[in-house]
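S.K.: dropping a prediction and its sequence here:
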There are 2 protein chains.
Amino acid sequence: MGVSLPRKELFDVPEGMIYLDGNSLGVLPKGAAERAQRTITEEWGGQLIKAWNTAGWMALPQVVGDTLAGFLGAPAGSVATGDTLSIKVYQALAAALKMRPDRRVILSDNGNFPSDLYMAEGLIKTLDQGYELRTPAPEDVADAITEEVAVVMLTQVDYRTGRMHDMAAITEKAHAVGAVMVWDLAHSAGALPVELTASNAEFAVGCTYKYLNGGPGAPAFIYVRPDIVDDIEPALSGWLGHDAPFAMELNYRPATATERMRVGTPPILQLAVLQEALRAWEGVDMADLRAASQRLSNLFIAEVEARCPMLTLASPRDAEVRGSQVSFSFEQGYPAMQAVIDSGVIGDFRAPDIMRFGFTPLYLDEADIIEAAKRIENVMTNELWREPKYQVKSRVT
Amino acid sequence: MGVSLPRKELFDVPEGMIYLDGNSLGVLPKGAAERAQRTITEEWGGQLIKAWNTAGWMALPQVVGDTLAGFLGAPAGSVATGDTLSIKVYQALAAALKMRPDRRVILSDNGNFPSDLYMAEGLIKTLDQGYELRTPAPEDVADAITEEVAVVMLTQVDYRTGRMHDMAAITEKAHAVGAVMVWDLAHSAGALPVELTASNAEFAVGCTYKYLNGGPGAPAFIYVRPDIVDDIEPALSGWLGHDAPFAMELNYRPATATERMRVGTPPILQLAVLQEALRAWEGVDMADLRAASQRLSNLFIAEVEARCPMLTLASPRDAEVRGSQVSFSFEQGYPAMQAVIDSGVIGDFRAPDIMRFGFTPLYLDEADIIEAAKRIENVMTNELWREPKYQVKSRVT
C-alpha cells in the first residue's frame, strides 16, 4: 500500500474550483514556484555557466528520465527526456521504419491525437519513398495489423473518449506479423499503471504536463527497449545525443543507450519544475491510484447520468477499458463547456461535440465529484449555455 | 543613437565576477525571476488551462518571434520560436533539400558547430537517398559552392575563434549557383547587427540563451524568407504548426507563413523568461552595440597580448571579421581556463586548445576588461594552472 490519496496539501488549486482538466494541464505543485526561483536566482544567476556542472543541469534530463521510467514500468536508463511529444513521435517513427526497411505502411487509428498523425505525414513526405499512413477506426486496428505494416503507432488512451487500447495484446499482434510497436502514453503516464517492459513494445513516447503536473510546455519523453537501443541511428542526431558532446568531434557517434535520443540543449527551467512536480508522486502506489481513478470516474458517470439526461456518455462504461477521463457528447458541447467552466468546474471541449473531464486522484476526492456533478446539472438543466457569451469561439484550447 | 551602454543595472551578476561567457549562457536579467514567479503562480496556478488564452500563452511563441525578428533584420511574422537550435537546423535543412530535388550535396565547413553537422548527418541517413555532407575548411567554403550544392549551411560566427563569414557575399555566391542558403546565427543574434532580409538568405536559425540572455535551455528560432514560406512543407509537421490546431483534423494543413515551423506545445516557462530578458534590449542600437563590442574586444586583445606572451591569438585580429568573442590558443588551455575561472574571470574552453572569452556590451565595460586581463596575467605568469586540481577533466561544458 502506498500513501493515501488524495494529497491535496501538495498542490495549489484555486479556491472553489473543481479542476477536471488535469488530463490537459496538471495543477501547480506547491514546490514548483520555489524550485523555479532557486534555479533562476541561485543557479543561473549565481553560478551561471558553471551551473551545468555545479547545479547538476547536465545530468538533469537523465535523472528525470530515470524517475519517469518508474511510472512506465521501465528500467533506469531507458527513458530520455526533452523536446516535445511531437518531436519524440518523429524520433520513434523514424527509428522504427529503419528497422523494417522492406515495409511501407505505418498503421495508426483515426482516434489518435492529430499531432501524431501529422508527424507521421511529415516524415512520410520527407522520406518520399512510398510510405503510407493508415488510420482505420480504433476498433478496427487489431484486424488491420498485417504483414505489410512496418510500424504500429497508437495512443493507448483516446484523447477524446478515454477508450483504451490493450497494450499487451496489440503489441503481441504487431510482433506476430513482424511490425514494430510505438505507444504514445500522453494520457497514460501518471494516469494508470503502465508496464512497458512487460508489453515488450519497442518504443513509447509521452508528455509530462498532464497527469504528471510538469507545467505548461514541460518536456516530453521517449522510451526505447534496451535490447534494441544500441542499434538505433537517431534521425535527430543532436550534440547532446552524442557520446562525447564536448569533444566537439566532426562526426556523430551515438551516446550510450537511450541518451542517444536526446537532441539539443535541455530546457533547464522546465526540467527543474518537472523534477519538483514528480516529488508529489513519492510513495504513491499506481494500483491505488488506478483504483481511485476508477472510483471517481464511475461516481462521476453515475452522478452526471442521473442528473443530466441530455448528455450522452462517449466514454466506455467499463472502467477497465477506460483511461482516467470521462467524456460526454452533446451537440452544443462547446457553449455547454464554457458555461460549466464558468460554474467553476474546469473540463474542456474537443471537436466536434465532446465535453471532456479528467480525473486525477492526487488532488480530487468524492466530494469534488459530487459537487462538480451538481454544478453541471445546474448548467444543463437550466440551459445556462444558451447565453450568447458562451457561443463565441474565442478560446483556442 | 540608442540608450547608452552598458546597462549593468538591468542584470544580476555575482559580485566580483567578470563574466566573459555570455556567448555560452547569458547572465540573469533582473526581471526574470519575478516573471517566472508570475507565470507559475498567477498564470499556471491561478488560471490553469484557461491561461492558454487569458495569459496569452498561445500567442507567446509568435509574440517573442516578432521581437526576435527585430534582432535579425527580418519582418514580423517571419520568425518562429520553440524547440532547440538542433531541431531548427533539421527543419531548415529538410525544407531546403526539398527545394533542390535534383541536387545531393549539403555544404558546410569544419568550423561549424558540431551539432549542425550531426543533424545534417542524421537527416542524410534518414533520407537514405545518396546525400553527401561536405565540410571544407571555413576559408575554402566560398570556392566549394558549386552547382552540385543543394544547400549551403554555415554558422556566421565560428564558435571557437569568432571568425565571421561574409553573410551577404556567401549568400550571393550560393544563389548564383542555384543553392539554398541556411545561416546559423547562434553567435550573431544579440552580438552584432544581422540583416537577414538584405542578405536574401532563405533560412536562418539560432538560439536565445547566449547573447540574448534567455536562460538555460531557452527556446530556439527559425526564420524563413517570406516569399518562399508558403511553399514549405515542414518535415516536423506538428499540431501547433497546423493552420487550425484545435480543429483536430486528421490531416496536416500548414499554418500561415513561418508559424508552420512550430511543432509541439511551447515551453511556456522558458518563453516567458525569454520575453522578459528581451526587455533589456529596448532602445539598444545594434550599431552602438557592435561598436562597443569591438572596442571591448580590441582592448582585451591588446591587454592580454601585452601581459601574456604565452597565449596565441586564435581569433581574427581584424574586428570587422570577428564576432563578439576573442579566443586564445594555449596547449594547456583546459587547466589554464579552470584557473582563470577560479580567479573570477569566466570564460570557457573548447577542444582542443581554445580559451574562449565573449564580450557582451550590455553588461561589460572597459574596467571589467582590464581587470580580467590582470587576473589572466596572474594565472598565466605564475602558472597557477599547474595546480593538480585544474588538471582533472570533470567539467562537461
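M.R.: All right, it came through fine.
S.K.: is residue A:309 in a helix, a strand, or coil?
M.R.: Three-state assignment for residue A:309 (DSSP: H, G, I helix; E, B strand; the rest coil): coil.
S.K.: now do residue A:355
M.R.: Here residue A:355 takes the strand state, with states given by three-state DSSP.
S.K.: so what's it up against?
M.R.: By C-beta atoms under 8 Å, 6 or more residues apart in numbering or on different chains, the contact list for residue A:355 reads A:311, A:327, A:328, A:329, A:330, A:333, A:336, A:337, A:340, A:347, A:349. Placement of C-beta: from N, CA and C, glycine included.
S.K.: and the residue lying closest to residue A:76 once chain neighbours are set aside, what helix or strand is that in?
M.R.: Computed as C-beta to C-beta, 6 or more residues apart in numbering or on different chains, the closest residue to residue A:76 that is not its neighbour in sequence is residue A:66, at 4.3 Å. In this structure, residue A:66 sits in helix A:60-71 according to DSSP states H and E.
S.K.: give me the residues contacting the next helix or strand after that helix.
M.R.: Later in the chain than helix A:60-71, the nearest helix or strand by DSSP H and E is strand A:79-81. Applying C-beta under 8 Å, 6+ apart, the external contacts of strand A:79-81 come out as A:61-62, A:64-66, A:68-69, A:72, A:208, A:219-224, A:258-262, A:266, A:271, A:274.
S.K.: pretty sure the residue nearest to residue A:76 contacts residue A:77?
M.R.: Yes - under the criterion of C-beta atoms under 8 Å, residue A:66 makes contact with residue A:77 at 7.0 Å.
S.K.: can you list the weak-confidence ranges in chain A?
M.R.: By pLDDT under 70, the weakly predicted segments of chain A are A:394-397.
S.K.: for it, longest strand please?
M.R.: The longest strand of chain A (DSSP state E) is strand A:149-155.
S.K.: with adjacent residues omitted, what lies nearest to residue A:129?
M.R.: Setting aside the residues directly before and after it, residue A:129 is nearest to residue A:104 in space (C-beta to C-beta, 6+ apart), at 7.5 Å.
S.K.: roughly how far apart are the one you found and residue B:357?
M.R.: As judged by C-beta to C-beta, to the nearest Å, residue A:104 and residue B:357 stand 53 Å apart.
S.K.: for the stretch 1-150 of chain A, what spans make up the helices?
M.R.: Using DSSP state H, counting those that start in this stretch, the helices of the stretch 1-150 of chain A run over residues A:32-37, A:46-47, A:51-54, A:60-71, A:85-99, A:114-127, A:141-144.
S.K.: CSV please, covering these and showing mean neighbour count.
M.R.: Putting the helices of the stretch 1-150 of chain A into CSV (neighbours: other C-beta atoms under 10 Å in any protein chain shown) gives the following:
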stretch, mean neighbour count
helix A:32-37, 20
helix A:46-47, 18
helix A:51-54, 18
helix A:60-71, 21
helix A:85-99, 26
helix A:114-127, 24
helix A:141-144, 16
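S.K.: from the stretch 51-200 of chain A, which residue is nearest to chain B?
M.R.: With C-beta to the nearest C-beta as the measure, the residue in the stretch 51-200 of chain A that lies nearest chain B is residue A:84; the distance is 2.6 Å.
S.K.: give me phi/psi at that residue?
M.R.: Backbone torsions of residue A:84, given as degrees, to the nearest 10, read phi -110, psi 170.
S.K.: which residues are in contact with the closest residue to it other than its chain neighbours?
M.R.: Distances taken as C-beta to C-beta, 6+ apart place residue B:264 nearest to residue A:84, at 2.6 Å, with adjacent residues excluded. When contacts are counted by C-beta under 8 Å, 6+ apart, residue B:264 is found next to A:83, A:84, A:85, A:86, A:87, A:115, A:220, B:82, B:83, B:238, B:239, B:240.
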